[in-house]
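1. Coordinates for the following, if possible.
(one chain, ligands or ions: 3)
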Amino acid sequence: MDVKTSSDGELDTRHLPDNIYASVVHSLYADAQSLLVGVLSIAVAPLVLYWKTTDNIHLVFSAFFLVFGIVRLLLAKEFEFKTNSETTREEYEKWENRYVNISSLYVGLLGFWFVAGVLRSDDPFVHLMSFSLALCYLIGVIGRNFGSDKLVSIQVLIAICLLISGLVLLNTYYHVILAGFLIPFFIAIRLMSARLRKILFDSELRAQANKVIATRFDTALENVRHGIAMFSRDGTITVANERFLTLAGLEGENIVGSDVSILNATGNIASQDEAFSARIKTYLSSRRSQKFNFQLPGGRTIEADYNSMDEGGVVVLSDITERVISEKAIKDLANFDALTKLPNRRFFISEIKRVLVKNGQLQPCAMFFIDLDKFKEVNDTLGHAVGDKLLKIVAARLNVVLKARDLICRFGGDEFVLVVPGLYDVDGCANLAEILITQLSKPIEVDHHSITIGASIGIACAPKDGKTAEDLLQYTDVALYDAKAKGRGTYTFYTEDLGENIRLRRKLEIDLRQALEENTLEVHFQPLINLKKCSITTCEALARWDHPEHGNISPEVFVKIAEESGFIEQVGEYVLRNAIVQCASWPKNVRVAVNVSAIQFYRSDVFSTVSRLLDEIGLEPGRLEIEVTETVMLTSFDDAIFTLNQLSELGVKVSLDDFGTGFSSLSYLHQLPLDKVKIDRSFIKNGISDQRSYTLLKGVVELTKNLGLTVVLEGIETEQQLRQISREIKIDEVQGFLFSRPLSAHDIRSLLGAQIEENRAIQSEN
Ligand code: C2E
Ligand code: MG
Ligand code: MG
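-> Ligands and ions are numbered 1, 2, ... in the order given. From the prediction side, this is the model:
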């Protein structure tokens, strides 16, 4: 608080705050009792002098003192009666002036009494009595009126003037010297009262400032959103705001002054956290600052922030429920898959590490890497929305199978990983894998579609197969790969051999991509011979890969790698382009046949690729044959028929390859736009020894021929096979090592050139 001082450094009442000024004026009128005593004793004193001198002037002064004294007392009563909290500063100023006026008159009267005594009497007692009474009064001024500078100054000035005048009138050196001594005395009186006044004002100002701080603190305490309580070192509650009481469930109670243990006896904290007051007591004695959380009934979370202070401690309670909820949501977002609500890969890996090692010991467990079969087809054909719903149902089914301690996560796409702590025996793992496959193979209803997928599972166990999460994941992935290769819907346990195979396969995949980029894949051609005309009608394009380390790798192996690794489309186009380019350089009556795998057929737009390449290279569509197997029909019959019809309409010939190895469905012969049926070479191999298959072969050939299709028999290796077959079965074309092995582009061109020469020679002989 800022209070100005006067030029001589003393506090000036004009600059005092209103309330302090009011208390100064009150101090003037206070203590009516001592005033009464003073008034009476001063009124009696002139009577004593009258008794001694019989001078009537003393009776007059006694009467004056009494009258003025009574006026002062009445004024004090009136002040007491008329002032209250609404009295204005101006009114107080009037009251101060009134007091100053009457007191000045009073002290003047005292001074005049002394002067009169001096002038009318030589009696030293008379002089001493009036002089000392005036001095006593002045000393009383310090005690009673120090609050008003104006009052003190005027009274001292009047008293000085009159007392000094009286002493000078006595007209001796001694009295003049005494008068001189009075001056410092009067100055001292003024200074003393100024000093007292300063002490009074300072303490008033300090009290006022403290009151302001206390009010602000109270307001702050009651308006904060936090519950605040303070404790003295012995555990007594010294402060508790409303919010604290609300959070503690003690609204309206007065707990200030009680021991902290009252919080354990009743209210919210008691029902939820018995340890609350025990904690506070511990922190109070250890002078430790600490944060801790506890729950209120209804599930709200409260954070208690305890801070040690010199004289005890303060605890701030904050309702952090919303923060806890949003922190959990953020954590869930980071750790859980939004679609299936299962843990995501990142969170799962950290969890596996926790499960794998407990108290520094490796725990046995089994890991299952689950991959949904045919999920991609569902996504591609029915759309992602259906795919998403399907994944949710799969997650729910997995959850049903799992036990609480098992860990599961959506590893990505249609892959799920499951960890079962404590499971490591083969039978137990196999049993669980079967249950999982059975559950996931049951039809799933999504948006009126009944979808049957299935699952393949790779299994690895800790610590037998691997000791770290990373190893186990890698091994289950390897085992899963094998399960899928086995035809899906099954499970495989990880073995070291499997790991070796997989590593080899991965290497081959990389090398195959490189071979494709560097154009080092070759296309060889194997002729198909028309038996009647004894001439080459078609050459089948067969891909060849001469691996720098592993030598020749069968197309059956690397086509599968390309299919599984998702680049069969590129391999297919590579072979198709080479085949068409070569065929364009052959005699016009020779066609080229190109194999198209079922996956390639399903994943790429074969029709567009074929028509684009034919157009680009400039080959008549009629000179191209596309060889497909029955598996093309198994994935999506309608799509297959549609594409084959498109090809057929373009003029491209369609052959059904490897007939007799799959379902050998005779209905395909009727429904597909076929030109040729190629009987698989296994018929030849078995036919000679197995009479039943031989009879079957004869029937199929007859039926095919009746449908107007060309029949080709693959795999003829010996003269004997040829003789036997051509005697008993009416085959149109043959293909086999007996006639020619697959030849390089250069060699097949030479062979075809030689055939032309031969034909010309025959024609000229005829
Ligand atoms: P495929 O289409 O049935 O091709 C005929 C396979 O039989 C060829 O094997 C050929 O060398 C073999 N072969 C022909 N005559 C005889 C014989 O008298 N005795 C024996 N033991 N085998 C004979 P290859 O070249 O190893 O191809 C195997 C399979 O790989 C092919 O069977 C075909 O399904 C696939 N394939 C080859 N090249 C490609 C290609 O470029 N694309 C696709 N999608 N598949 C291809
Ligand atoms: Mg073929
Ligand atoms: Mg074949």
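
2. only C-alpha atoms for contact and neighbour calcs from this point on.
-> Noted.

3. burial count for K730?
-> K730 has 14 neighbours, counted by other CA atoms under 10 Å.

4. what sits against it?
-> For K730, the contact set (CA atoms under 8 Å, 6 or more residues apart in numbering) comprises V701, E702.

5. confidence score at it?
-> Looking at K730, its pLDDT is 84.

6. where does it land in three-state SS?
-> What DSSP: H, G, I helix; E, B strand; the rest coil gives for K730 is coil.

7. just N552 next, same as before
-> Note that with three-state DSSP, the state of N552 is strand.

8. Pairing partners for it in the sheet, please.
-> Under DSSP bridges, the beta-bridge partners of N552 are D546.

9. how near is it to A543?
-> Distance from N552 to A543, counting by CA to CA, to the nearest Å: 11 Å.

10. of these two, who's got more company?
-> Remark: of N552 and A543, A543 carries more neighbours, 26 against 11, as counted by other CA under 10 Å.

11. residues in this protein within reach of ligand 3, list them.
-> By CA under 5 Å from the ion, the residues of the chain that approach ligand 3 are D657, D658.

12. Residue of the chain closest to ligand 3, please.
-> Proximity of the chain to ligand 3 (CA to the ion) peaks at D658, 4.1 Å away.

13. ok, that residue - contacts?
-> If a contact means CA under 8 Å, 6+ apart, then D658 has T629, K678, I679, D680, R681 as its contacts.

14. For it, give me the pLDDT.
-> 88.

15. Helix, strand, or coil at it?
-> Classification of D658 using three-state DSSP returns strand.

16. Likewise for the one 3 residues further on?
-> Classification of T661 using three-state DSSP returns coil.

17. Nearest residue to the residue of the chain closest to ligand 3 in space, please, no chain neighbours.
-> D680 (4.1 Å; CA to CA, 6 or more residues apart in numbering).

18. Enumerate every residue touching the one you found.
-> By CA under 8 Å, 6+ apart, the contact set of D680 is D657, D658, F659, G660, T661, L713, E714, G715.

19. thinking again about what came up before, just the closest of the contacts of D658 to E758, please.
-> Proximity of the contacts of D658 to E758 (CA to CA) peaks at K678, which lies at 27.2 Å.

20. Distance check, that closest one against ligand 1.
-> 8 Å (CA to the nearest ligand atom, to the nearest Å).

21. That residue: neighbour count?
-> K678 - counted by other CA under 10 Å - has 23 other residues nearby.

22. which ones are touching it?
-> Per CA under 8 Å, 6+ apart, neighbours of K678: S655, L656, D657, D658, F659, V711, V712, L713, E714.

23. buried ones in the host helix or strand of it?
-> Assigned by DSSP states H and E, K678 falls within strand 676-679. Residues of strand 676-679 classed as buried by neighbour count (16 or more other CA atoms under 10 Å): K676, V677, K678, I679.

24. returning to what we had before: and which of the contacts of K678 is nearest D497?
-> Here the nearest of those to D497, counting by CA to CA, is D658; it sits at 31.5 Å.

25. measure the closest one to ligand 1 for me?
-> 6 Å.

26. What of Y173?
-> Separation of Y173 from ligand 1 (CA to the nearest ligand atom): 147 Å.

27. for C136, same thing?
-> To ligand 1, C136 is 132 Å away according to CA to the nearest ligand atom.

28. Contact residues of the chain facing ligand 1?
-> By CA under 6 Å from any ligand atom, the part of the chain that sits against ligand 1 consists of 542-543, 554-556, 572, 575, 595-597, 658, 714-717, 735-737, 742.

29. and these, which are buried?
-> Those of those that meet the buried threshold are 542-543, 572, 575, 595-597, 658, 714-717, 735-736, 742, by 16+ other CA under 10 Å.

30. mind listing what the strand holding K678 pairs with, with the direction of each?
-> Sheet pairing here is set by DSSP bridges, and for strand 676-679 it gives strand 653-659 (parallel), strand 710-714 (parallel).

31. Now H449. Its backbone dihedrals?
-> phi -100, psi 130 (degrees, to the nearest 10).

32. Show me what it is bridged to.
-> V446.

33. distance of it from T381?
-> 12 Å.

34. L178 too?
-> With CA to CA as the criterion, L178 and T381 are 127 Å apart.

35. try T236
-> Applying CA to CA, the value for T236 to T381 is 74 Å.

36. Let's see which of the buried ones among the residues of the chain next to ligand 1 end up in strands.
-> Applying DSSP state E to those, the entries found in strands are L542, A543, N595, D658, E714, Q735.

37. Let me have those residues in a markdown table, adding distance to K486 as columns.
-> Converted to a markdown table, those look like this (distance: CA to CA, whole Å):
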| residue | distance to K486 |
| --- | --- |
| L542 | 25 |
| A543 | 24 |
| N595 | 23 |
| D658 | 20 |
| E714 | 26 |
| Q735 | 30 |
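
38. ok, of these, which one's closest to A460?
-> A543 (36.4 Å).

39. close enough to count as contact, the closest one and H524?
-> Yes - applying CA atoms under 8 Å, one finds A543 in contact with H524, separated by 6.2 Å.

40. what kind of secondary structure is N84 in?
-> Assignment for N84 (three-state DSSP): coil.

41. quick revisit: looking at the contacts of D680, which one is closest to I453?
-> Nearest to I453 among these: T661, at 24.9 Å, using CA to CA.

42. okay, now M129: neighbour count?
-> Quick note: M129 (other CA under 10 Å) scores 16 neighbours.

43. any idea which helix or strand carries it?
-> Judged by DSSP H and E, M129 forms part of helix 124-145.

44. now that helix, how far from the centre of its chain.
-> With CA atoms, centre = their mean, to the nearest Å as the basis, helix 124-145 stands 86 Å off its chain's centre.

45. what does the helix or strand following that helix rub up against?
-> Once helix 124-145 ends, the next helix or strand along the chain (criterion: DSSP H and E) is helix 149-169. Contacts with helix 149-169, where a contact means CA under 8 Å, 6+ apart, come from 12-13, 100, 103-104, 107-108, 110-112, 114-115, 118-119, 131, 134, 138, 141-142, 145-146, 175-176, 178-180, 182-183, 186, 189-190, 193-194.
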